[in-house]
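Peer 1: Requesting a structural model of the entry that follows:
(chains A and B)
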Amino acid sequence: MSVLPQTNPGMSATSGATVRLKDRFDIQYDEPLAGFRSPSAPAFAARDTKAQGSRHFALICDPKMPPRMEAVRKLQLLKSYGVLTPVEVGAVDWAPANRRMFAMVFEQPLGDRLAGPGENVIEPWSEEALVAHIVAPIIQTLIDLEREGLPHRGIRPGNIFFRDANRRVAMLGDCVTAPPGLYQSVVYETIEGAMAQSHARGAGSPTQDLYALGVMVLHLLFGKMPGAGVSEEKIVEDKIKRGSFFTLVNEQRVPTGIGELVRGLLIDEPQGRWRLGDVQMWLDGRRMTAKLVPQPARAQRAFELEGEECMTARHVALALDMMQPEPAGRVLRGQSFEQWITRTLGDKQVVEAINTAFATRNDSTAGPAGQNAQLVSRMLMALDPAAPIRYRDASTAVDGIGALLAVTMLNGGDLLLPAELLQARLPQFWCLRQGSAKGEDQATIRFFDKMLRHLEDKRPGYGIERVAYEMMPGLHCLSPFIEQRYVDRTPDLLAAIEFGVQAKTIDIWPVDRHIAAFIAVHEMDVDDGLLYALVQADPATRILGNLRLLAFLQENYGPQLVPALIGLFAHQAKPVIERFKSRYTRTRLQNGLSAVLKENNLRKLADYLDSADEQRKDAQRFQRARLEFQQMVKQLEKCERQTEELNSTAKVAGHSVAVKIASLISSAIVAVTLFAMGVI
Amino acid sequence: MARPPAPRPGAKPAPPRNSGREGLHSVEVQRRAPAPGNGKKVTLALAVVVMLVLALFERPICLLMTLALVPTMVAWLIDDTPGQSLIRTVAPLNFASSLPFAIKLWHENNSLDQVFTFLSTGYTWVALYGAALFGWMLYYLAPAVITTVVQRRIERARETAIERQQALKDEWGDEVET
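Peer 2: Prediction:
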């Protein structure tokens, strides 16, 4: 069978070593541009067919990493020169990988990269040049990004370009080809960000960009990355114990002027950290006064845990997180911990949160080990509310759960962990623990409640797949049938399914749980009944569910020709036609099927096979036929009865007839006799 | 029609008005039920009376009728049907065939000689007993004819029903039987 040509509008493979994106950009996959590549997205030269002489490059996203589509949309709206902004995005047939990949085309910056990717040792920058060429332009860009509510989450020397060839105006690099903060070193992450798994750090807020900017300033001042050569765990531990500034500066000399900026940007408490306005005022030459930041409660006596002497609740949480859940649970239930928390630490908020964590009901479906892990997770949140949600091997920011789930799915990981995390309502507990009565938290709680409902619904269109697509709107459809086709929007879905049928990756049911969930998330008009039909045991109902769902896609988005799908349904039409009880109706439908198939229209095929009028008539006629059959049964019984009674009744009737005939004849004889003999 | 007065509270319900008549009715039904042999006795009594009257006043005719009505007498003897169908079939024909001879005897020479003259010719016996024989045949053949006709009609109805059932099963399958 021939493989479908590219049918998605605006995306077509062209001749030679190029592939065309959206009828505009020719991406040359034999011309890699190493200078523009992102850690997981190689760069290739791209040519704008509508503007000669323009210089573009394309990043080809790793299909195992979900891109930040929300960020793409915001950047395209923003149109800032201070950050690499995708000019065009979309899936292309990527011949080197023999699959479809997601491509993003950017305009090439005139200047090169500040430092090579992963290059930790660089030429130190002077304070003046650093402020003028790096900090000031980046702050301006961050102000623009904040206006759109878009943290960059990729500020590091390897991801900074220059807008000009003279390297005088810095601009931010790619922030859309991978989950936020994925390639940030732990050094560049806040304590909370560093504690989370790299792909589950979440978008966070602009304060995390400012923190990264502070680290980058130190990096450029020193000419090498602060904390280089130290393990990630040690850096996090040191940041907690000593604070980020002292950990990263590590007794090196920082010029007084810029030292004030770095100190402000590296304040660990987000409330105390400098904001964009503060940095701008500093750039304008104003002297900043230190903000009063409430310090976490420090115990007078340390709590010993695994040889660690913990003085703060956050430090206890970190030590507990390092332990296995079982011993951690024993410690948390122990008397010494209770005494230390209530008497020694004396932080009322922490005590209250711990009581709430103990009182919160565990997910009853989890076993004793699961319930213990849930308790430990809630206790860690009670002790360190700003930290990410830590549950078993997962550690995720509340807005990073979607990426955690998506990356787990994309890489064939264990989905039980994120599912358990949601079922235990840990995100809701985390939100409540933030202590702010902001509507944002309430909205997040409602969102996760909704996700939990989706997760617990086992029908197609729901479940863990639905949660993944809801939480990661840019996630492409991960159905094994069509994953290679990289479908990230419903208009491309039917063509991909048609391709799957042609390539024989789909042989029976074209719509699986992933496709159903993908449609349910992206198409609000789809009736739940259609999704429910997909799991019915009755093959006819299931076929019609598949057919009607795909008919919906064809009607709304095309393509008009889906011969392989039509052929697939033609083979499956028998059980649907068999639903009609009348053999004549079935024969008529079977005979008329070929004409309908020729129309290549799934809606017409569905209506033809599933005509409500035809079904009603069939049912009515069947009822009448049953009644008539019963009448015939009665008729036969009557015949039997009559046959049995025939001898006796015929004898009586025959004798009666004989009497009557004899009477008639004799009367006639008497009359004739009397008349003939002249008696009357 | 006037409605019966409503019963007073606590009053005993009136007995049904026709409760006495039901007993009477059942007696009547019992009375009317044909007792086997009752009709025959009546017939016999009537015949004896008539023959006695005839023997007193018209002996030739009495002799003629006695000999002519032998088939009827035989029928009387062997008829065990509740409605005396055999007698009622044979007797009228037998009697009607005897009537011309009786009238002729009455009008012409009402003597025993004339009776023997009649009886000496074969034609008389054929006329008298032929009609009776026809009655006997009628009695025995009529049920058989009726059985054949009705049997055919039932068979046709059965065939029609089976054909229709088969047609329904052809169109709707075995499910139509449920």
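Peer 1: Need the three-state assignment for residue A:100.
Peer 2: strand (DSSP: H, G, I helix; E, B strand; the rest coil).
Peer 1: dump the residue contacts of it.
Peer 2: Residues in contact with residue A:100, defined by C-beta atoms under 8 Å, 6 or more residues apart in numbering or on different chains, are A:91, A:92, A:93, A:94, A:484, A:485, A:486. Every C-beta, even on glycine, is put in place using the N, C-alpha and C of the backbone.
Peer 1: what's the most distant pair in these?
Peer 2: Based on C-beta to C-beta, the longest span within the contacts of residue A:100 runs between A:92 and A:484 and measures 12.8 Å.
Peer 1: Could you check which of these two has the larger neighbour count?
Peer 2: Per other C-beta atoms under 10 Å in any protein chain shown, whichever of residue A:92 and residue A:484 has more neighbours is residue A:92, with 25 against 18.
Peer 1: Got the phi and psi for the more buried one?
Peer 2: The phi/psi pair for residue A:92 (degrees, to the nearest 10) reads phi -130, psi 160.
Peer 1: Touching, it and residue A:103? I think so.
Peer 2: Yes - using C-beta atoms under 8 Å, residue A:92 is in contact with residue A:103, at 4.9 Å.
Peer 1: joint contacts of the two?
Peer 2: Residues touching both residue A:92 and residue A:103 by C-beta under 8 Å, 6+ apart: A:19, A:21, A:27.
Peer 1: Surely the second one is in contact with residue A:94?
Peer 2: This means residue A:21. No - the criterion here is C-beta under 8 Å, and residue A:21 misses it with residue A:94 at 10.7 Å.
Peer 1: got the residue ranges for the helices in the stretch 201-350 of chain A?
Peer 2: For the stretch 201-350 of chain A, the helices defined by DSSP state H, counting those that start in this stretch cover A:206-222, A:232-242, A:244-249, A:256-265, A:276-283, A:313-322, A:325-333, A:335-339, A:348-359.
Peer 1: low-scoring pLDDT stretches of the chain, where are they?
Peer 2: Just going to use chain A. Confidence mapping of chain A against pLDDT under 70 gives the ranges A:1-16, A:288-293, A:362-364, A:436-439.
Peer 1: that's the wrong chain, I meant chain B
Peer 2: For chain B, the ranges with pLDDT under 70 are B:1-39.
Peer 1: Run a quick neighbour tally on residue 126.
Peer 2: Going with chain A. 13.
Peer 1: Sorry, I should have been clearer: chain B.
Peer 2: Residues lying near residue B:126 (other C-beta under 10 Å) number 12.
Peer 1: ok, and of the shared contacts of residue A:92 and residue A:103, which contact chain B?
Peer 2: Contacts with chain B are made by none of the shared contacts of residue A:92 and residue A:103, judged by C-beta under 8 Å from any C-beta of the partner chain.
Peer 1: and these as CSV, adding neighbour count and secondary structure?
Peer 2: Below are the shared contacts of residue A:92 and residue A:103 laid out as CSV (neighbours: other C-beta atoms under 10 Å in any protein chain shown; DSSP: H, G, I helix; E, B strand; the rest coil):
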residue, neighbour count, secondary structure
A:19, 27, strand
A:21, 23, strand
A:27, 26, strand
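Peer 1: Tell me which of the helices of the stretch 201-350 of chain A is the most buried.
Peer 2: With neighbours taken as mean count of other C-beta atoms under 10 Å in any protein chain shown, these reach their highest mean count in helix A:206-222, at a mean of 25.
Peer 1: In contact with residue 138, which residues?
Peer 2: Went with chain A since none was named. Residue A:138 makes contacts with A:82, A:155, A:160, A:170, A:171, A:172, A:213, as judged by C-beta under 8 Å, 6+ apart.
Peer 1: wrong chain, I was asking about chain B
Peer 2: Shown in contact with residue B:138 (C-beta under 8 Å, 6+ apart): A:658, A:661, A:662, B:89.
Peer 1: now swap in residue A:134 and tell me
Peer 2: Going by C-beta under 8 Å, 6+ apart, residue A:134 touches A:114, A:125, A:160, A:170, A:216, A:217, A:220.
Peer 1: can you rerun that using 10 Å?
Peer 2: Counting by C-beta atoms under 10 Å, 6 or more residues apart in numbering or on different chains, residue A:134 makes contact with A:114, A:125, A:157, A:160, A:162, A:167-170, A:213, A:216-217, A:220.
Peer 1: In JSON lines: those residues, plus distance to residue A:229.
Peer 2: What follows is the contacts of residue A:134, written out as JSON lines (distance: C-beta to C-beta, whole Å):
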{"residue": "A:114", "distance to residue A:229": "21"}
{"residue": "A:125", "distance to residue A:229": "21"}
{"residue": "A:157", "distance to residue A:229": "17"}
{"residue": "A:160", "distance to residue A:229": "23"}
{"residue": "A:162", "distance to residue A:229": "28"}
{"residue": "A:167", "distance to residue A:229": "28"}
{"residue": "A:168", "distance to residue A:229": "32"}
{"residue": "A:169", "distance to residue A:229": "32"}
{"residue": "A:170", "distance to residue A:229": "27"}
{"residue": "A:213", "distance to residue A:229": "23"}
{"residue": "A:216", "distance to residue A:229": "18"}
{"residue": "A:217", "distance to residue A:229": "20"}
{"residue": "A:220", "distance to residue A:229": "18"}
